[in-house]
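Q: Could you look at this predicted model? Sequence included:
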4 protein chains.
Amino acid sequence: MKALKQDVYDKNLELVRKQLVIYTWGNVSAIDSEKKRVVIKPKGIEYDDLTADDMSVVDMEGNLIEGLLPSVDLDIHLEIYKHFPTIGGIAHTHSTWATAWSQAGKGIPVLGTTHADHFYGEIPCTRQLTPEEVAEDYERHLGQLICKLFEDRNPLEMGAVLAAGHGPFTWGKDAAAAVEHSVILEELAKMAKLGLDINGGQPVLLPNHMITKHYTRKYGANAYFYQEKK
Amino acid sequence: MKALKQDVYDKNLELVRKQLVIYTWGNVSAIDSEKKRVVIKPKGIEYDDLTADDMSVVDMEGNLIEGLLPSVDLDIHLEIYKHFPTIGGIAHTHSTWATAWSQAGKGIPVLGTTHADHFYGEIPCTRQLTPEEVAEDYERHLGQLICKLFEDRNPLEMGAVLAAGHGPFTWGKDAAAAVEHSVILEELAKMAKLGLDINGGQPVLLPNHMITKHYTRKYGANAYFYQEKK
Amino acid sequence: MKALKQDVYDKNLELVRKQLVIYTWGNVSAIDSEKKRVVIKPKGIEYDDLTADDMSVVDMEGNLIEGLLPSVDLDIHLEIYKHFPTIGGIAHTHSTWATAWSQAGKGIPVLGTTHADHFYGEIPCTRQLTPEEVAEDYERHLGQLICKLFEDRNPLEMGAVLAAGHGPFTWGKDAAAAVEHSVILEELAKMAKLGLDINGGQPVLLPNHMITKHYTRKYGANAYFYQEKK
Amino acid sequence: MKALKQDVYDKNLELVRKQLVIYTWGNVSAIDSEKKRVVIKPKGIEYDDLTADDMSVVDMEGNLIEGLLPSVDLDIHLEIYKHFPTIGGIAHTHSTWATAWSQAGKGIPVLGTTHADHFYGEIPCTRQLTPEEVAEDYERHLGQLICKLFEDRNPLEMGAVLAAGHGPFTWGKDAAAAVEHSVILEELAKMAKLGLDINGGQPVLLPNHMITKHYTRKYGANAYFYQEKK
């Protein structure tokens, strides 16, 4: 568990280095799928005051196994892990441009190849939660709302969601991939907003054949984008 | 008084580090409520030329006790301290995005949980001052105008105001909290403006049950956001 | 002349440090009014390749006295010095936000106290030059066009102008003041544009009594903003 | 070939330093016209993991001569080199503001002298590729589409193009010039978008006599902008 705690700690700090979070905003977690343990940033403590050893380790019901008390957003993470068994890490930020889209309650359409290179389709935005969903088990309900949007989707092909009025959650095969998705999402959110302005508020959608070409150039059976350096 | 002067000096420099002020713009003060003394940045001197010892110490009528001549905005600070006995520090900046809202003469509505996490409701904007209010005791009148907006409000739940055509003032339990509110306000002002653009100028208000949930998750009797690290 | 060359060199580099210019864009000059000499950045050489000794020294007709060949914008500077005998330095940049206003062909109205603290009134924008004015002595004609806008103005109260389709020129009592005006103008241009957006494109003008209050609080016979630190 | 590999490596890193690319986004190439060899960044490896020696060297048909596997965008570069025999380097980025224009499918009109100082006319934007063009030899077709836009143009006078829905490609006499054009294009894209906003979405075109004046002041037989420092 020590290595995973170190990794989660590092990736939480990576959010700060990439200027996606300030103060206590944001959190990163990772799962050890075999041992059924989730490691997550503790709640309500500034990044400077944290050590790798402080990371919270919980079981799949959220019971604390070791470390400080977990992030208040823990239940959101747990719901996502339960529904997406193929992922290994989750990141949550209030990054400026992605949060602006969340606050507008709008998904980010595929406007360019930069988007299609990393996310296969529009990045969806949830609806607002009802008073009943907020009154009790708020965080769990938000997690379930997110997962419901992905019933027919492969979460490894769409590693991001916008929580309406709140901000982005991203995920991937591990914590590093989750953070990378947060960085890229923020850049896409900025490009999309600026391009909308240039075009008088009207989106110019990337044609489907371009979306598929760019996504499958990087991912899937016929991908030819990456190479290993020996 | 030495410790408070050091703190006020540090927090003034924190405004520079957080890129909220340039040149002589902005000022931070703190109050010693027992001794009825306010410590504030001296007027008209660049940050680089100041030392902690230069900080101005004044009584509640603004008489100089020690240090250099106080900021021209002193009377605004004094009015706020007189009306808000629970606060310990005030910060004033001309930070870009919050000032843009001030110059538009508009309060910042609650558009997301990032806002509700820190400010309980719309961040209000004053009206413009009249020629009579400006002709004499301008700074005192601006302070009174600000306080009038808070007659029915707890200043610890709404630690910011926009002075129309001018810029933001923020406060909190001490100078550090005041500066933190300036940083967060600037980020909220940016997110709010960008989200407005995305939505064609129409704000999407965060529902009241979400505002209350997020604010009370962090503050008040049932808060569960923070923890102490022992 | 050695001290003035060093100062002009330093202030040219200050434009780079303040992120107002890249590559060879922009130039700063200063005048020795007694000796009738103007020192200006040489033309077409990157900042990294310049030394203080390279600075061009010219007489009031633009004849080279010492140093490398002067900036192609020299005649603009000379015209301004001839018409504004009270100023000591001029800066020219293509800073992003001020240039955007120039490219829109619009002056920057007084929308807030940050503006009124430093520039007494709307920052004017020239008209475009005619084909005849451009065909011969282009730079001199641009200089004259700028000066014509200031026939009834004190250039020390309005230390900036926007050249339509081009970018800003600023000045002040010395090169340092000229550069400071470039920095502040860029910030004002940004605030003004963002506030316009927030208000649906409609400017909210600062009332005249506020403009006068803020400008005269800092400058003129009854100023009370600055102090000397002994 | 060693010197060219070092240069291409350096200029790829220059894109990172200028904050035009993150992760594996973007690529720079250069051509040895005599030896008919193109050097380009290898595909799918982060900048931190590359050395100068890793750079891919290919012949004009794209056959690998030495180094790692070349960028997936190689065929775009090769097409451009084949059609523009006077250029020596090409850069491709997904820089934020230029990509926003690409995603809006719009060329960048000449709105100011900053533009005319470096690019002689509107920076053109391609049409979207058809499903047939994408299905096979996608990258080669994109390269051909770009070149078709330049049939009547001197590529040294217009060193940039926007690929619709994708992003910018820039070129010049060598890799350094290509990268410099990427930097300047990004700044122009930002200025142009902000000025459009200020003017309610309506572009204010720079008059033709100004475009010609500024471009020929810097380039061509009668240029007088640059000087050599001996």
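A: On my side now, so go ahead.

Q: Find the residue closest to A:Asn222 in space, skipping its chain neighbours.
A: Of all residues not flanking A:Asn222 in the chain, A:Thr216 sits nearest, at 5.9 Å (CB to CB, 6 or more residues apart in numbering or on different chains). Quick note: C-beta positions are derived from backbone N, CA and C, even for glycine.

Q: again with A:Gly89
A: Closest to A:Gly89 by CB to CB, 6+ apart is A:Ala175, at 3.4 Å.

Q: Just the helices from chain A, written as ranges.
A: A:2-17, A:74-83, A:96-104, A:113-116, A:131-135, A:138-148, A:175-198, A:208-218 (DSSP state H).

Q: Need the winner for burial among those.
A: Greatest average neighbour count among the helices of chain A goes to helix A:96-104 (a mean of 28), per mean count of other CB atoms under 10 Å in any protein chain shown.

Q: Just want the angle from that one to helix B:96-104.
A: Between helix A:96-104 and helix B:96-104, the angle comes out at 50 degrees (axes from the mean of the first three to the mean of the last three CA atoms, to 10 degrees).

Q: starting at the chain centroid, how far to helix A:96-104?
A: Chain-centre distance of helix A:96-104: 14 Å, with CA atoms, centre = their mean, to the nearest Å.

Q: For it, which outside residues touch it?
A: With CB atoms under 8 Å, 6 or more residues apart in numbering or on different chains as the contact definition, helix A:96-104 has outside contacts at A:93, A:107-108, A:125, A:162-168, A:182, A:185-186, A:189-190, A:192-193, B:111-112, B:114, B:187, B:190-192, B:194-199, B:204, B:206.

Q: Pick out the residue of chain A closest to chain C.
A: Minimum separation of chain A from chain C (CB to the nearest CB) falls at A:Asp197, amounting to 9.2 Å.

Q: from what I can see that residue touches D:Ile198, true?
A: No - with contact defined as CB atoms under 8 Å, A:Asp197 does not count as touching D:Ile198 (11.8 Å).

Q: got a list of contacts for the helix or strand bottoming out on mean pLDDT in chain A?
A: Every helix and strand of chain A was ranked by mean pLDDT, DSSP states H and E. The lowest is helix A:208-218, at a mean of 94. With CB under 8 Å, 6+ apart as the test, helix A:208-218 has contacts from A:110, A:113, A:116-118, A:120-121, A:157, A:222-226, D:72, D:128-129, D:131, D:134-135, D:138, D:165.

Q: What angle do helix D:138-148 and it make with each other?
A: Here helix A:208-218 runs at 130 degrees with respect to helix D:138-148, directions being taken by the same axes, to 10 degrees.

Q: List, one by one, the residues from chain A near chain B.
A: Residues of chain A lying close to chain B (CB under 8 Å from any CB of the partner chain) are A:22-23, A:25, A:42-45, A:49, A:54, A:68-69, A:72, A:94, A:96-97, A:99-106, A:128-129, A:131, A:134-135, A:138, A:165-167, A:193, A:196-197, A:201.

Q: at 6 Å what do you get?
A: Within chain A, the positions adjacent to chain B are A:43-45, A:69, A:72, A:94, A:96, A:99-100, A:103-105, A:128, A:131, A:134, A:138, A:165-166, A:193, A:201 by CB under 6 Å from any CB of the partner chain.

Q: which one is the residue most central in space within chain A nearest to, not counting chain neighbours?
A: Residue closest to the mean C-alpha point of chain A, counted by CA atoms, centre = their mean, is A:Thr170 at 1.0 Å. When the adjacent residues along the chain are set aside, A:Thr170 lies closest to A:His181, with 3.7 Å between them (CB to CB, 6+ apart).

Q: Was I right to think the one you found contacts A:Pro168?
A: No - using CB atoms under 6 Å as the test, A:His181 is too far from A:Pro168 to be in contact (8.8 Å).

Q: Tell me how many other residues surround the closest residue to A:Tyr81 other than its chain neighbours.
A: In space, and not counting its chain neighbours, A:Tyr81 is closest to A:Ile31: 5.1 Å by CB to CB, 6+ apart. Neighbour count for A:Ile31, taken as other CB atoms under 10 Å in any protein chain shown: 26.

Q: With D:Ala30 as the reference, measure out to A:Ile31.
A: In this structure, A:Ile31 and D:Ala30 are 45 Å apart, going by CB to CB, to the nearest Å.

Q: A:Asp32 now?
A: Counting by CB to CB, the gap from A:Asp32 to D:Ala30 is 47 Å.

Q: Alright, I will stop here.
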